[in-house]
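**Student:** Predicted model and sequence follow; I will ask about them next.
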Amino acid sequence: MAQQNIYDNETFFQGYKKLRENEVNANNLFEIPALFSLLPSLSGKNVLDLGCGFGEHCMEYVKMGASKVVGIDISEKMIEVARKENVDPKIEYINMPMEELEKIKGKFDVVISSLAFHYVEDFSGVVHNIYNLLNEGGIFVFSQENPLCTCYSGNTGRWTRDEKGNKLYVNLKDYGIEGEKESQWFVDGIKKYHRMFSTIINTLTETGFVVEKMIEPLPDEELLEKYPDYKDLFHKPDFLVIRAKKKDLQ
């Protein structure tokens, strides 16, 4: 089955690139700090970055002491930018979908993924491949859209508002119906895959991981003073960030 590759759609790619060029976005304010807070020491470690995008994170991992970083992404456009703008002798970029991880050679100490798994249908298969690629005691850190977000189809009806249009509370819909959902973001028909919290955690633990920590990032008072619109995250956090460890052999 062909994997979705929305990031090579030119309209989507340009819209996403423009969004990321704006420093004030939810990724920079919430997701990236939470993801990096869960990373172990990368000194002397082999790191695999799944859905590496433009490669900025790969460069950061090298700065944090990683001895080798492999970044994979399904998007040719993303990898092309990475190979031009975020180059280092310790980094290797591979254009491939993460559903084909069994093709990757070697072992890793740390596997990291930023906001990619909600585009993956076979989450269980990918998690099993990650487990096999990790050394014993290896760390797996990933972020994804919060399941309170992925349960929606379409782009309307998520909020109940007052007469002035202010958000009063989020409308939760179809949380217990897992599988493919379609949404609109720069273009129509983007496929995302919804999984309940229990499915995510059970998949990790049944594979052999120990879940060490979870974060659903929220704004603090200082950030709310600067960007009051982010108060809606208290109704529905945008992100889920998880750190898991491959069990040591007894």
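**Tutor:** Received the coordinates, thanks. Residues are numbered from 1 along each chain as shown.

**Student:** make it CA atoms for all contacts and neighbour counts henceforth
**Tutor:** Fine.

**Student:** what's next to the strand ranked longest in the chain, contact-wise?
**Tutor:** If each strand of the chain is counted by residues according to DSSP state E, the longest one is strand 134-145. The set of residues that contact strand 134-145 without belonging to it, under C-alpha atoms under 8 Å, 6 or more residues apart in numbering, is 31, 35, 38-40, 107-118, 238-249.

**Student:** got any ranges where the protein has weak pLDDT?
**Tutor:** Within the chain, the ranges that satisfy pLDDT under 70 run 1-23, 154-156, 183-189, 248-250.

**Student:** all helices for this structure, in order.
**Tutor:** Defined through DSSP state H, the helices belonging to the chain, from first to last, are 10-21, 26, 32-37, 56-63, 76-85, 123-133, 147-150, 197-207, 221-226.

**Student:** So which of the ones you listed is the most surrounded?
**Tutor:** helix 147-150 (a mean of 22; mean count of other C-alpha atoms under 10 Å).

**Student:** That one packs against which elements?
**Tutor:** Contacts defined by 3 or more C-alpha pairs under 8 Å, 6 or more residues apart in numbering; DSSP states H and E place helix 147-150 against strand 187-194.

**Student:** which of the contacts of strand 134-145 count as buried?
**Tutor:** Under a neighbour-count criterion of 16 or more other C-alpha atoms under 10 Å, the subset of these counted as buried comprises 31, 35, 38-39, 107-118, 238-247.

**Student:** hang on, the earlier thing: list the pairing partners of the longest strand of the chain within its sheet, with orientation.
**Tutor:** Each strand that pairs with strand 134-145, with its direction, by DSSP bridges: strand 108-114 (parallel), strand 239-246 (antiparallel).

**Student:** What separation is there between Y227 and Y169?
**Tutor:** As defined by C-alpha to C-alpha, to the nearest Å, Y227 lies at a distance of 19 Å from Y169.

**Student:** Just want to know which of these two has more residues nearby.
**Tutor:** Between Y227 and Y169, Y169 has the larger neighbour count (other C-alpha atoms under 10 Å), namely 15 against 12.

**Student:** ok, that one - contacts?
**Tutor:** Remark: with contacts taken as C-alpha under 8 Å, 6+ apart, Y169 is in contact with 159-161, 235.

**Student:** With adjacent residues omitted, what lies nearest to L148?
**Tutor:** In space, not counting the residues next to it along the chain, L148 is nearest to K236; the distance is 6.4 Å by C-alpha to C-alpha, 6 or more residues apart in numbering.

**Student:** how near is that neighbour to Y169?
**Tutor:** When distance is defined by C-alpha to C-alpha, K236 is 9 Å away from Y169.

**Student:** got the contact list for E222?
**Tutor:** With the criterion set at C-alpha under 8 Å, 6+ apart, E222 makes contact with nothing.

**Student:** Not counting sequence-adjacent ones, nearest residue to the residue nearest the centre of the chain?
**Tutor:** Per C-alpha atoms, centre = their mean, the C-alpha nearest to the average position across the chain is that of L115, at 1.7 Å. Using C-alpha to C-alpha, 6+ apart and skipping residues adjacent in sequence, the residue nearest L115 is Q144, 4.3 Å away.

**Student:** Show me what the one you found is bridged to.
**Tutor:** Taking DSSP bridges, one obtains L240 as the residues bridged to Q144.

**Student:** any idea how far E31 is from it?
**Tutor:** For Q144, the distance to E31 equals 9 Å [C-alpha to C-alpha].

**Student:** intersection of neighbour lists for those two?
**Tutor:** Both Q144 and E31 are in contact with 239, 241, where contact means C-alpha under 8 Å, 6+ apart.
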